[in-house]
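S.K.: show me the folded form of this:
(chains A, B, C and D)
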There are 2 protein chains.
Amino acid sequence: MNDSPRNAPTPPTPPTSSAVARHAGVSRATVSYVLNGQAAGRVSAATQAKVKQAAQDLGYVPHAAARSLRSGSSALVLIAVPADKVPAFGPLFAGFVARFQTALEEYGYTGVLHGARADRSPLDTARAWAELRPAAVLTTFGAPLTEESVALLHRSGTRAVLSLGPAPTPGAHGITIDQEEIGAVAAAHLLATGRRALGVVVPDERGLDSFSGPRLAGARAAARAFPGATVTPLPLAPTEESAARARQAISEGHVDGVFAYNDEYAMLLMRALQDAGVDIPGEVALVGADDLLLARLLRPRLTSVRTELPAPHEVAALVDRAITDPSFAPGVSYRTKAQVEPRDSTGDGAGPA
Amino acid sequence: MNDSPRNAPTPPTPPTSSAVARHAGVSRATVSYVLNGQAAGRVSAATQAKVKQAAQDLGYVPHAAARSLRSGSSALVLIAVPADKVPAFGPLFAGFVARFQTALEEYGYTGVLHGARADRSPLDTARAWAELRPAAVLTTFGAPLTEESVALLHRSGTRAVLSLGPAPTPGAHGITIDQEEIGAVAAAHLLATGRRALGVVVPDERGLDSFSGPRLAGARAAARAFPGATVTPLPLAPTEESAARARQAISEGHVDGVFAYNDEYAMLLMRALQDAGVDIPGEVALVGADDLLLARLLRPRLTSVRTELPAPHEVAALVDRAITDPSFAPGVSYRTKAQVEPRDSTGDGAGPA
DNA sequence: TTGAAAGCGGTACCAC
DNA sequence: GTGGTACCGCTTTCAA
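M.R.: Prediction:
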């Protein structure tokens, strides 16, 4: 049955299109035509059947690298994520990525997620991406992307570089998730409900600085419109001890309104405040972000800033356009909007605290 | 300056090793040796410098596909995740993936995450993976992997197929995350604290069935050891209405101990119970899973099952061994352990509710 | 209707 | 110490 020695556990070489051709008794060219649907009017139905059967029999799977080497373009779309931020992802972003990959597939691309190491320079990171010769790179969550990186990628054949995140990079298409606006609308809401001594949680977690910084800045900007309003940064690590310290800072600073970075930090802080007997929203109002189910489960119900991410298929369409349309100039194509969902923790809910 | 017409936005072709060779006035062979560190004793220092300079000047980045085409093996490790489960990831798993990718890089591999579409057959999914000719495929979270898929991957040159998740697939290396054990230890704890009418939350969320099923089964198995103990499945969607219905089912069934699938569902259910005036743990004891910070923030503090995932670098080592050592036979190499962290929600905390 | 052959970018053997 | 060259798997033009 088998012409190789009996100690061959698996065929050492995968079946190639030549093997299929030999098996079907045709040329490699014919195999290529048939298997790529270019056979109309070129190859007889009988031959096509033979080829398909042979491919089936051999379990033939085309070699994407060889194909893209020849064709000069790959179908790979790299979704870059800073490795140190992955754990901080909420379900919001995870869901986005999942549906984005599916949407990409509908355009014929293969989207893969690449965790970029934080201990590498942006240029080295870009080089690692470039080696894969992706059709496009989409950086998310502030994966390191400098102007030089973009240039490197373009030089090495990447058709499109997009960035989905805090700041648009020169040369790249941008989908701006405006972190400042998130901080601004949160602060504005607190100010509108009469709070003047604001606190803004700054997570003490690796990799979150590119989000927390702008959010703090946005809050400060919003406060400038209100004479006498102050903004105090509140460092907070995801531990109860840290929350207790933040609670103390709130009391000592007579802070009466806090933007807690996101819903999870808000929960942490709410617990610390409540354990210390602080009334929410009576003494301190609290605003989270992301508008998770969590926000509605807390007591008092948590006011939260909801950011609308662009629809995954819209981003996929943008990627496709950036790849295929050379005249599509880089720039900010989309900007997310943030809006407050008022609830009890700022005294806006149906019933008071 | 530029010899191409002024409408050339980017150089149409990336620099190749030939270009580097031409630029440096040497042959492609020399370039290859120098750039791969095989130059010792073959190429003069002066020539090496010239080559490196040329590569630098041109912004040369090797073409991974061409390299792996020639060498017959790629450095790609595919981490497959079922797309419909991605949003259900907790920070635990996300953190694991991030550190795993980093660990892989230390072994010289490039790990990328590939979201497998749920609407494809396992075989089609495997084919999509195989096209990329990865060195290894690691399926996680029950990404579809049948015996046939494994065979297909092996036939097409994948050196190792590993599965990290509920059930080991024949032919693949397995890292078993024992979902049954999670359900079993949770139920055992409830039973040990005197509960007999158990409820087990079964999330009504796409893609979680491969986890919830075994967890329920594990709970049932544990209950069998206690005469008179019953187990009632409690369907639960991530909405407050659904939680209210589950609460009602708990009351009507006189359930006195609930394993709530994970900490988040536990929080949802706890809130519904508390809003209805049910005392925890007095009337109903509650156990979550994942042991998130969340569990400690709830009142009463939530008893939770902690699963220890294998260390990322251990898994990376396993992958490397499976790739490089052909005599390393597939089988279960690692099995996670689950253990209960007792807290107030089952009456085990420092202080009673 | 089909096949021969060139070539995508790199590697590595072998000759000089 | 360096260069020529065959070849990895696939696509596609051109000729038969």
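S.K.: contacts only, for the nearest residue to residue A:64 once chain neighbours are set aside.
M.R.: Using C-beta to C-beta, 6 or more residues apart in numbering or on different chains and skipping the chain neighbours, the partner closest in space to residue A:64 is residue B:131 (4.2 Å). All C-beta atoms are positioned from the backbone trio N, CA, C, and that covers glycine. Residues in contact with residue B:131 (C-beta atoms under 8 Å, 6 or more residues apart in numbering or on different chains) are A:61-64.
S.K.: what about stretch A:38-50, how long is it end to end?
M.R.: 16 Å (C-alpha to C-alpha, to the nearest Å).
S.K.: same check, this time on stretch A:124-138
M.R.: Start-to-end, stretch A:124-138 (C-alpha to C-alpha) is 16 Å.
S.K.: ok, that stretch near DNA strand D or not?
M.R.: No: legend: contact between stretch A:124-138 and DNA strand D by C-beta under 7 Å from any atom of the strand is lacking; minimum distance shown is 13.1 Å.
S.K.: that stretch near DNA strand C at all?
M.R.: No: on the criterion C-beta under 7 Å from any atom of the strand, stretch A:124-138 is out of touch with DNA strand C, staying 8.4 Å away.
S.K.: so for that stretch, what gets flagged as buried?
M.R.: A:125-138 (16 or more other C-beta atoms under 10 Å in any protein chain shown).
S.K.: just those residues: which are in helices?
M.R.: The members of the buried residues of stretch A:124-138 that map onto helices under DSSP state H are A:125-131.
S.K.: from the residues you listed, which is closest to residue B:263?
M.R.: Set against residue B:263, the nearest of those by C-beta to C-beta is residue A:125 (34.1 Å).
S.K.: gap between residue A:270 and residue B:260?
M.R.: For residue A:270, the distance to residue B:260 equals 21 Å [C-beta to C-beta, to the nearest Å].
S.K.: same question, residue A:281
M.R.: From residue A:281 to residue B:260 the distance is 29 Å (C-beta to C-beta).
S.K.: about what we covered before: present the ones in helices among the buried residues of stretch A:124-138 as CSV; the columns should include pLDDT and distance to residue B:285.
M.R.: Conversion of those to CSV gives the following (pLDDT from 0 to 100; distance: C-beta to C-beta, whole Å):
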residue, pLDDT, distance to residue B:285
A:125, 93, 49
A:126, 94, 53
A:127, 94, 55
A:128, 93, 50
A:129, 94, 50
A:130, 95, 55
A:131, 95, 54
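S.K.: in JSON lines, list the contacts of residue B:131 along with secondary structure and pLDDT.
M.R.: Below are the contacts of residue B:131 laid out as JSON lines (DSSP: H, G, I helix; E, B strand; the rest coil; pLDDT from 0 to 100):
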{"residue": "A:61", "secondary structure": "coil", "pLDDT": "95"}
{"residue": "A:62", "secondary structure": "coil", "pLDDT": "95"}
{"residue": "A:63", "secondary structure": "coil", "pLDDT": "95"}
{"residue": "A:64", "secondary structure": "helix", "pLDDT": "94"}
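S.K.: where neighbours are concerned, which of those residues has the most?
M.R.: residue A:61 (23 neighbours; other C-beta atoms under 10 Å in any protein chain shown).
S.K.: contact partners of stretch A:56-76?
M.R.: A:14-17, A:19-20, A:23, A:35, A:54, A:108-110, A:112, A:132-135, A:157, A:159, B:63-66, B:68-69, B:74, B:127, B:130-133, B:151-152, B:155-156.
S.K.: buried residues in it, which are they?
M.R.: Here stretch A:56-76 shows A:58-69, A:74-76 as buried, counting by 16+ other C-beta under 10 Å.
S.K.: repeat that for stretch A:107-116.
M.R.: Buried residues in stretch A:107-116 (16+ other C-beta under 10 Å): A:107, A:109-116.
S.K.: ok, these vs residue B:334, which is closest?
M.R.: Among the buried residues of stretch A:107-116, and counting by C-beta to C-beta, the member closest to residue B:334 is residue A:115, at 21.8 Å.
S.K.: who are the contact partners of the residue of the stretch 151-300 of chain A found nearest DNA strand D?
M.R.: DNA strand D sits closest to residue A:157 of the stretch 151-300 of chain A, with a gap of 15.5 Å, by C-beta to the nearest atom of the strand. By C-beta under 8 Å, 6+ apart, the contact list for residue A:157 reads A:72-73, A:130, A:133, B:13-14.
S.K.: how near is it to residue A:277?
M.R.: The value you get for residue A:157 to residue A:277, if C-beta to C-beta is used, is 62 Å.
S.K.: do the same with residue A:226
M.R.: From residue A:226 to residue A:277 the distance is 29 Å (C-beta to C-beta).
S.K.: more neighbours, the two?
M.R.: More crowded of residue A:226 and residue A:277, by other C-beta under 10 Å: residue A:226, with 16 against 7.
S.K.: quick one: residues contacting the most centrally placed residue in chain A.
M.R.: Per C-alpha atoms, centre = their mean, the C-alpha nearest to the average position across chain A is that of residue A:140, at 4.3 Å. Applying C-beta under 8 Å, 6+ apart to residue A:140 gives the contacts A:79-81, A:93, A:97, A:163-165.
S.K.: try residue A:127
M.R.: A:152, B:61 are the contacts of residue A:127 under C-beta under 8 Å, 6+ apart.
S.K.: with residue A:21 instead?
M.R.: Residue A:21 neighbours (C-beta under 8 Å, 6+ apart): A:27-28, A:30-31, A:51, A:54.
S.K.: buried only: go through those residues for me.
M.R.: Here, 16+ other C-beta under 10 Å leaves A:30-31, A:51, A:54 buried among the contacts of residue A:21.
S.K.: what is the nearest of those to DNA strand C?
M.R.: Closest to DNA strand C, out of all of the buried ones among the contacts of residue A:21 and judged by C-beta to the nearest atom of the strand, is residue A:30, at 4.0 Å.
S.K.: quick check: that closest one touching residue A:38?
M.R.: No: counting by C-beta atoms under 8 Å, residue A:30 does not reach residue A:38; the two are 10.4 Å apart.
S.K.: buried residues, the helix or strand bottoming out on mean pLDDT in chain A. List them.
M.R.: Ranked by mean pLDDT, DSSP states H and E, the weakest helix or strand in chain A is strand A:332-335, scoring a mean of 84. Buried residues in strand A:332-335, counting neighbours by 16+ other C-beta under 10 Å, are found at A:333-334.
S.K.: how far does that strand sit from the chain's center?
M.R.: Centroid displacement of strand A:332-335 relative to its chain, using C-alpha atoms, centre = their mean, to the nearest Å, is 15 Å.
S.K.: for it, packing partners?
M.R.: strand A:173-176, helix A:312-324 (3 or more C-beta pairs under 8 Å, 6 or more residues apart in numbering or on different chains; DSSP states H and E).
S.K.: mean pLDDT for the ones you listed: which is lowest?
M.R.: Mean pLDDT is lowest for strand A:173-176 among the helices and strands packed on strand A:332-335, at a mean of 90.
S.K.: which residues in the stretch 101-250 of chain A form helices?
M.R.: A:122-131, A:147-155, A:179-192, A:209-224, A:240-252 (DSSP state H, counting those that start in this stretch).
S.K.: the fourth one packs against which elements?
M.R.: Secondary structure elements in contact with helix A:209-224, counted by 3+ C-beta pairs under 8 Å, 6+ apart, are helix A:179-192, strand A:197-203, strand A:230-236.
S.K.: now the angle from it to strand A:197-203?
M.R.: 170 degrees (axes from the mean of the first three to the mean of the last three C-alpha atoms, to 10 degrees).
S.K.: try the second one
M.R.: Calculated by the same axes, to 10 degrees, helix A:147-155 forms an angle of 50 degrees with strand A:197-203.
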